[in-house]
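S.K.: With the input below, show me the fold.
(2 chains)
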Amino acid sequence: MISEESKARFATEVAKYPADQKQSAVMACLAIVQQELGYVSAESEKLVADYLGMAPIAVHEVTSFYNMYNQQPVGKYKLNVCTNLPCQLRDGGRALKHLEEKLDIGMGETTADGLFTLQQCECLGACADSPVLLVNDRHMCSFMSDDKLDQLVDGLRAQGNK
Amino acid sequence: MALENILAQFQSSGAQTCFHGRHISPQILAGLNGSNWRLQDYQARGGYQALRKVLGKDGGEGLTPDQVIATVKESGLRGRGGAGFPTGLKWSFMPRQFAGPKFLMCNSDEGEPGTCKDREILQFNPHIVIEGMLIAAYAMNIGTGYNYIHGEIFQIYERFEEALAEARAAGFLGDNILGSGFSFQLHAFHGFGAYVCGEETALLESVEGKKGQPRFKPPFPPSYGLYGKPTNINNTETFSAVPWIINHGGKAYLECGKPNNGGTKIYSVSGDVELPGNYEIPMGTPFSKLLELAGGVRKGRQLKAVIPGGSSTPILPGSIMMDCTMDYDSIAKAGSMLGSGALIVLDDSRCMVKSLQRLSYFYMHESCGQCTPCREGTGWMYRVVERIENGQGRPSDMDLLDNVAEDIMGRTICALGDAAAMPVRAMLKHFRPEFEYHVEHKTCMVPAYV
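M.R.: Residues are numbered from 1 along each chain as shown, chains lettered A, B, ... in the order given. As a prediction, this is how the structure comes out:
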């Protein structure tokens, strides 16, 4: 279940909106759930729905509409590589391919040890930094040459195996 | 090494993309170095003086809301998010006398491929956005605002929260600002991955805690916006231009650019250039100059084409682009749009079919599914472009593509349908022989594409 700390963060988000518009905090609350639990389960949706006074299906509509919510468990580190046109012109596709080889998985898959999930994604809004990727939704990594990708994966792997 | 430290090594510093010293007369990005984003730094370079001037806290009489709007109108400032609508006129649409709650929205949901300017404004100069919003709120008599920040730039959202906390602590945000009687509450909101939420009414739906599906217009946001209340929405860069305009006057801003295209503009240059990044230059600067600032075409290759204003704007051949100046009117005359000012540069090694394939995939992926022409049409176009790319194209495919694109245009609730259709039509208009070559030879005319 969700921690007290996360619930306190829910309250901070709800406070941003008029008292009769708690639903506005749903996206933030779901992101907080995902940060703590790794993905948004039906059970978590129910919890958020109860907290905000929404119907669970209304919460599920949000989870399923926005790209970044994980509706299934993912690896400990989710890597999203941008391959949209500006990145495609500057090695975005090559970065994705390099990670596929390095991690020995295909796009959309998770490594057997559960450490990495690799996905392609749409525009991150950092086109001049290409190749770019996101780690666990919240950390953007810029100018990811093959060397840097190796360094990142090795660093995360060492961290994840601790 | 802790996780945070591992990831911090790969964080962008802005050194290559923003602090390169190759802006021309910058206003928004002036004097930045990456570490001077905090309130005290902003004030040291003259920040919040425009707000003081408006509120009459600099010894002067202050400006009335009408005077602020008149100044913005005079400046010729046009919306920097893509539509280019005159900002002062937009502000005058708000029913200022409406007694109930009214809302001010900043659209930082920057997801149009090629565009990466709002991210750097928010990262390196967040208070300029806050000050611009404050002045806008004063001019339109608005009490509450939200900044909708692209979910993928979560660290920027966190930074903006920090900047808000600084502004609140210093009395620039909240109740009775600087003792003026004017109050404004401002909060940060983050998206979580939906291109369509950059459309203003989808953005409102999203803030209301729903799927980001655009609303039918009219009614427009000034009459029915967030929670059904009068609402004004502007882009991050638009708000950021406001403090300079107030400090220096509308006329001075207009004179920075050219008639009907006032001020400076931040251009995001990506793709096949030596030095991709953001360049703040006066409106009306020749494209050739901007290309030179960005280091020219990569590896000394030839310029093939440019998508001048974000991925949805019609592509232009390099030869046409080299005759353009960077402003709304010149790019429109050339048959495209300035859009968000994001230039995607393609050199002569690039295959147009493959380039269009990736863009068409994006629009299919990001269609919200509400309108049939867009939901079905974007997938249809992608599948046709994909089969041409894969050597399975049919001779009739080019006409089919053009036809599907034409049938989407103007037949959807929001502009995403047009955004998906325009690149297809422009590619066929300017580069049809490449598509025909693909169909006929089942291979690419320019096979060097990586």
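S.K.: Restricting the selection to alpha carbons, write the helix or strand harbouring residue B:5 to CSV.
M.R.: Here residue B:5, judged by DSSP states H and E, is contained in helix B:3-8. Provided in CSV are the C-alpha atoms of helix B:3-8 (Å, rounded to 0.1, in the frame of the first residue of the first chain):
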residue,chain,number,x,y,z
LEU,B,3,21.5,6.8,-7.9
GLU,B,4,21.1,10.6,-8.0
ASN,B,5,24.8,11.1,-8.7
ILE,B,6,24.8,8.5,-11.4
LEU,B,7,22.0,10.3,-13.2
ALA,B,8,23.3,13.8,-12.6
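S.K.: next SSE after that helix?
M.R.: Following helix B:3-8 toward the C-terminus (DSSP H and E): helix B:39-44.
S.K.: Got the confidence number for the nearest residue to residue A:3 once chain neighbours are set aside?
M.R.: Setting aside the residues directly before and after it, residue A:3 is nearest to residue A:36 in space (C-beta to C-beta, 6 or more residues apart in numbering or on different chains), at 6.2 Å. Every residue, glycine included, has its C-beta placed from N, CA and C. You'll see residue A:36 listed with a pLDDT of 97.
S.K.: so where do the strands sit in the stretch 201-350 of chain B?
M.R.: B:231-235, B:264-271, B:277-282, B:285-286, B:303-307, B:316-317, B:325-326, B:342-347 (DSSP state E, counting those that start in this stretch).
S.K.: Next, the angle from the second one to strand B:277-282.
M.R.: Translated: strand B:264-271. 150 degrees (axes from the mean of the first three to the mean of the last three C-alpha atoms, to 10 degrees).
S.K.: Over to the last one?
M.R.: What separates the directions of strand B:342-347 and strand B:277-282 is an angle of 120 degrees, with the same axes, to 10 degrees.
S.K.: mean confidence for strand B:342-347?
M.R.: Rounded mean pLDDT across strand B:342-347 is 97.
S.K.: Span of stretch B:302-315 from start to end?
M.R.: 16 Å (C-alpha to C-alpha, to the nearest Å).
S.K.: helix, strand or coil for residue B:54?
M.R.: Per DSSP: H, G, I helix; E, B strand; the rest coil, the local secondary structure of residue B:54 is helix.
S.K.: Roughly how far does the residue lying closest to it once chain neighbours are set aside sit from residue B:131?
M.R.: In space, and not counting its chain neighbours, residue B:54 is closest to residue B:63: 4.8 Å by C-beta to C-beta, 6+ apart. Using C-beta to C-beta, to the nearest Å, we find residue B:63 at a distance of 14 Å from residue B:131.
S.K.: Ok, residue B:27 next?
M.R.: Look at residue B:27 and residue B:131: by C-beta to C-beta, they are 13 Å apart.
S.K.: Who are the contact partners of the nearest residue to residue B:187 once chain neighbours are set aside?
M.R.: Residue nearest to residue B:187 in three dimensions, not counting chain neighbours: residue A:16, with 4.1 Å by C-beta to C-beta, 6+ apart. Going by C-beta atoms under 8 Å, 6 or more residues apart in numbering or on different chains, residue A:16 touches A:24, A:25, B:146, B:187, B:189.
S.K.: ok but the fourth one is inside a strand, no?
M.R.: Going back to what we said before, that points to residue B:187. Yes: assessed by three-state DSSP, residue B:187 belongs to a strand.
S.K.: Make sure the residue nearest to residue B:54 is actually in contact with residue B:53.
M.R.: Yes: counting by C-beta atoms under 8 Å, residue B:63 touches residue B:53, with 6.9 Å between them.
S.K.: returning to what we had before: format the strands of the stretch 201-350 of chain B as JSON lines; extra columns: mean neighbour count.
M.R.: Formatted as JSON lines, those follow (neighbours: other C-beta atoms under 10 Å in any protein chain shown):
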{"stretch": "strand B:231-235", "mean neighbour count": "26"}
{"stretch": "strand B:264-271", "mean neighbour count": "28"}
{"stretch": "strand B:277-282", "mean neighbour count": "26"}
{"stretch": "strand B:285-286", "mean neighbour count": "18"}
{"stretch": "strand B:303-307", "mean neighbour count": "25"}
{"stretch": "strand B:316-317", "mean neighbour count": "20"}
{"stretch": "strand B:325-326", "mean neighbour count": "24"}
{"stretch": "strand B:342-347", "mean neighbour count": "28"}
